[in-house]
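Asker: 3D, please:
(chains A and B)
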Number of protein chains: 2
Amino acid sequence: MSLLVVGSVALDSVETPFGSRDDVLGGSATYFSAAASLLTKVSVVGVVGDDFPMADLQFLRDRGVSLDGLDKVAGRTFRWKGKYGFDLNAAQTLDTQLNVFEKFEPKLSPQARKAERIFLGNIDPELQLRVLEQAENPRLVCADTMNFWISGKRAALQKLLPRVDVLMVNDGEVRQLAGESNVLQAARAAMRMGAKAVVVKRGEYGALLVTSENTFFSPAFPIAEVVDPTGAGDSFAGGFLGLLDRLDASDLSALRQATVMGSTIASFTVEQFSLDRLRDLDLGQVRRRFDAFRALVHFEELPAHFG
Amino acid sequence: MSLLVVGSVALDSVETPFGSRDDVLGGSATYFSAAASLLTKVSVVGVVGDDFPMADLQFLRDRGVSLDGLDKVAGRTFRWKGKYGFDLNAAQTLDTQLNVFEKFEPKLSPQARKAERIFLGNIDPELQLRVLEQAENPRLVCADTMNFWISGKRAALQKLLPRVDVLMVNDGEVRQLAGESNVLQAARAAMRMGAKAVVVKRGEYGALLVTSENTFFSPAFPIAEVVDPTGAGDSFAGGFLGLLDRLDASDLSALRQATVMGSTIASFTVEQFSLDRLRDLDLGQVRRRFDAFRALVHFEELPAHFG
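Answerer: Next up, the predicted model:
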């Protein structure tokens, strides 16, 4: 079992109706590895600037995350600034400073090349392809992307998709990719473009797993106090791939459990700012909420004489 | 077992990206009774004008729906005109003509007063209260409402809520009623206002059942060809109460099954314009899709050694 994530390690400034935080830990690889490391061994490939407080990542090291592939280079760390209104579903981006991330060129160590499972965080699809060129023979590749790449780098994305086992995007992204408003049809169109399966993340509304065989739906766990939705998608991905790696499986049953595990860990992430909730989370709490998901969606069969 | 619905019987003009229809059958009581009559005996209380094509309701009579409480009076029938964009979640109302509905004063026959279960469609809460004054001793009351009444008739609504077993509203309505953006907290606030349980309808995202004991979530069934969402909410209500009446139960297990039955029948409604799909639907098809819901949300437990 070995899981590699390539993505951003960032400093976020976030404002929600429940408060604000400046220059706190963020980034797709950070949320992903905090989530996945509850379940399996994770290695990070990314880059930070010389202003980055490495001590903030100590809790990841303590959970066995390898940061050997996290380069520290001269310059400022990637920064994102965003704001959420009372409808916490969508962030308004106030500022993005790529800084050292602008020249990020992922390099995989001999060890990282052997990773069995890879998560390609939301970066330029050309870089995502270059990661896969270095990987030796991954058993499962999962990729995220966004509107910026779908419109600006479509050719590279189309080269990437046939190498992707699970495309993991939100409603709007899969609609844009497919040019199709119905989410189920959009997911199927993404599969015709090459992705073997699609997970559509729908924020507080849950996640839809679409494969060639069937469709599975996991709700989001109803949380009474959502404080900061930042990182929910990447911790979903971390829970998803973390479970597949731990189970060493990717059959339909495992993919369904992984979708629920993604929803489970994401539901913790949003309870506090930044990675604060993930930092203190343990596997026992995760398991109890996973089991609570079963209760949340459970209903009895109809009587036999019915219909 | 006996189920009464009080609400509108209307002529709708609808435009969606998939076509348009003029002056077709619509209205909350119509959708509700078409759905519920697949499961139990339904009586309708409502009003239409002398322009109304009564023959269009013959299929309801054929399913055992009593239309004795549907008054036909001089004047034009209630008309609604709406349009949906590619995001089919919300209708834009282009025109509402109350017509004969403006002076609607629900009168319950001696038979109707004895109804065991009552659905109060989305009408003036003062009229909803007057229905309950006439009812003898219903075992379950379910009520819908909307933004117009929440802002304009809040006092009447507050009188109504303590008499309501299940408040059935959409996301925006429960948020507005409670003055609270978090849906779970908003539902709990509605329960403090008197409703014993709340069902939050979330369109293509499913439905949330909140009771004092726990929370249940049913997804919407993923439909690849949504043609017209009109009436989804009222057919959800019809499936929900139809099943409770048929099972003659309202314990938590029945409420969960009813929520799924609501989602099941609503998922058929949206496949065609107006009541076209409901007209041809039979209980065998309903049961197969109900069972498909179980497959849609099913996932295995985690291994025992986990967490």
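
Asker: which ones are touching the residue lying closest to A:G206 once chain neighbours are set aside?
Answerer: Closest residue in space to A:G206, ignoring its immediate chain neighbours: A:P219 at 4.1 Å, by C-beta to C-beta, 6 or more residues apart in numbering or on different chains. All C-beta atoms are positioned from the backbone trio N, CA, C, and that covers glycine. Shown in contact with A:P219 (C-beta atoms under 8 Å, 6 or more residues apart in numbering or on different chains): A:205-206, A:263, A:293, A:296-297, B:206, B:217, B:219.

Asker: any chance you could map the helices in chain A?
Answerer: Secondary structure of chain A (DSSP state H): helices at A:28-36, A:58-62, A:125-134, A:147-152, A:154-160, A:171-178, A:183-192, A:232-247, A:252-269, A:276-280, A:283-297.

Asker: just name the most buried of these.
Answerer: With neighbours taken as mean count of other C-beta atoms under 10 Å in any protein chain shown, the helices of chain A reach their highest mean count in helix A:28-36, at a mean of 31.

Asker: packing partners for it?
Answerer: Judged by 3 or more C-beta pairs under 8 Å, 6 or more residues apart in numbering or on different chains; DSSP states H and E, helix A:28-36 is in contact with strand A:3-6, strand A:42-49, helix A:58-62, helix A:232-247, helix A:252-269, helix A:276-280.

Asker: contact partners of it?
Answerer: By C-beta under 8 Å, 6+ apart, helix A:28-36 touches A:3, A:5-10, A:42, A:44-46, A:57, A:59-60, A:63, A:65, A:70, A:119, A:121-122, A:144, A:231, A:234-239, A:241-242, A:245, A:265-266, A:269, A:275, A:278-279.

Asker: how far is that helix from where the chain is centred?
Answerer: 7 Å (C-alpha atoms, centre = their mean, to the nearest Å).

Asker: could I get the helices of chain A as CSV with mean pLDDT?
Answerer: Output for the helices of chain A, formatted as CSV (pLDDT from 0 to 100):
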stretch, mean pLDDT
helix A:28-36, 98
helix A:58-62, 97
helix A:125-134, 98
helix A:147-152, 95
helix A:154-160, 98
helix A:171-178, 95
helix A:183-192, 97
helix A:232-247, 98
helix A:252-269, 98
helix A:276-280, 97
helix A:283-297, 96
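
Asker: identify whichever of these lies nearest to A:F78.
Answerer: helix A:28-36 (10.2 Å; C-beta to C-beta).

Asker: residues contacting A:L4?
Answerer: Contacts for A:L4 (C-beta under 8 Å, 6+ apart) come out as A:42-43, A:45, A:108, A:112, A:115, A:117-119, A:135.

Asker: how about 6 Å then?
Answerer: By C-beta atoms under 6 Å, 6 or more residues apart in numbering or on different chains, the contact list for A:L4 reads A:43, A:112, A:115, A:118.

Asker: local confidence estimate at the closest residue to it other than its chain neighbours?
Answerer: Among residues not flanking A:L4 along the chain, A:A115 sits closest, at 3.6 Å (C-beta to C-beta, 6+ apart). A:A115 carries a pLDDT score of 97 in this model.

Asker: now A:A115: how far from A:L127?
Answerer: From A:A115 over to A:L127 the distance is 16 Å, taken as C-beta to C-beta, to the nearest Å.

Asker: A:T77 now?
Answerer: With the distance defined as C-beta to C-beta, A:T77 ends up 18 Å from A:L127.

Asker: B:A187: which of the helices and strands packed on helix A:28-36 is closest?
Answerer: Between the helices and strands packed on helix A:28-36, helix A:252-269 lies closest to B:A187; by C-beta to C-beta that is 17.3 Å.

Asker: that closest one and chain B in contact?
Answerer: Yes - against chain B, helix A:252-269 shows contacts by C-beta under 6 Å from any C-beta of the partner chain at A:253, A:256-257, A:260.

Asker: hmm, stretch A:229-249 touching chain B?
Answerer: No - judged by C-beta under 6 Å from any C-beta, stretch A:229-249 stays clear of chain B, getting no closer than 7.8 Å.

Asker: who touches that stretch?
Answerer: A:1, A:3, A:14, A:28, A:31-32, A:35-36, A:39-40, A:88, A:117, A:119, A:142, A:168, A:201, A:250, A:254, A:258, A:261-262, A:265-266, A:269-270.

Asker: off-centre distance for it?
Answerer: The mean C-alpha position of stretch A:229-249 is separated from the chain mean by 6 Å, C-alpha atoms, centre = their mean.

Asker: what does stretch A:193-213 give?
Answerer: On C-alpha atoms, centre = their mean, the centre of stretch A:193-213 falls 13 Å from that of its chain.

Asker: same question for stretch A:289-297.
Answerer: So, by C-alpha atoms, centre = their mean, the centroid of stretch A:289-297 is 21 Å from its chain's centroid.

Asker: what's it in contact with?
Answerer: Here stretch A:289-297 has contacts from A:260, A:264, B:217, B:297, using C-beta under 6 Å, 6+ apart.

Asker: likewise for stretch A:162-176?
Answerer: A:132, A:140-144, A:147, A:150, A:181, A:186-187, A:190, A:194-202, A:237.

Asker: cutoff 7 Å now
Answerer: Contact partners of stretch A:162-176, identified using C-beta atoms under 7 Å, 6 or more residues apart in numbering or on different chains, comprise A:132, A:140-147, A:150, A:161, A:181, A:183, A:186-187, A:190, A:194-202, A:233, A:237.

Asker: how much space between A:L3 and chain B?
Answerer: Using C-beta to the nearest C-beta, to the nearest Å, A:L3 is found at 17 Å from chain B.

Asker: for A:D144, that is, sorry about that
Answerer: For A:D144, the distance to chain B - C-beta to the nearest C-beta - is 21 Å.

Asker: residue contacts, that residue?
Answerer: Taking C-beta under 7 Å, 6+ apart as the test, what A:D144 contacts is A:120-122, A:168-169, A:237.

Asker: what pLDDT does the closest residue to it other than its chain neighbours get?
Answerer: Leaving aside its chain neighbours, A:D144 sits nearest to A:N122 (4.3 Å; criterion: C-beta to C-beta, 6+ apart). With respect to pLDDT, A:N122 scores 95.

Asker: what about stretch A:88-98, near chain B?
Answerer: No - judged by C-beta under 7 Å from any C-beta of the partner chain, stretch A:88-98 stays clear of chain B, getting no closer than 7.6 Å.

Asker: can you list contacts of that stretch?
Answerer: A:16, A:78-84, A:203-204, A:226, A:229-230.

Asker: hmm, 6 Å instead?
Answerer: Taking C-beta under 6 Å, 6+ apart as the rule, stretch A:88-98 contacts A:78-84, A:203, A:226, A:229.

Asker: in space, what's closest to the most centrally placed residue in chain A - neighbours in sequence excluded?
Answerer: Centroid check for chain A by C-alpha atoms, centre = their mean gives A:D234 as the closest residue, at 2.6 Å. Counting by C-beta to C-beta, 6+ apart, A:Y31 is the residue found nearest to A:D234 once chain neighbours are left out, at 3.7 Å.

Asker: can you tell me how far the one you found is from A:S250?
Answerer: Relative to A:S250, A:Y31 is positioned 22 Å away (C-beta to C-beta).

Asker: swap in A:Q257?
Answerer: Relative to A:S250, and taking C-beta to C-beta, A:Q257 is found at 11 Å.

Asker: next: A:Q285.
Answerer: 25 Å.

Asker: same deal with A:G194?
Answerer: 17 Å.

Asker: of the two, which one has the most company?
Answerer: Neighbours per residue (other C-beta atoms under 10 Å in any protein chain shown) separate A:G194 from A:S250, with A:S250 holding more: 20 against 15.

Asker: contacts only, for the more buried one.
Answerer: A:140, A:244.

Asker: now it. Its backbone dihedrals?
Answerer: Per-residue torsions, A:S250: phi -150, psi 30 (degrees, to the nearest 10).

Asker: which ones are touching A:V141?
Answerer: A:118, A:164-165.
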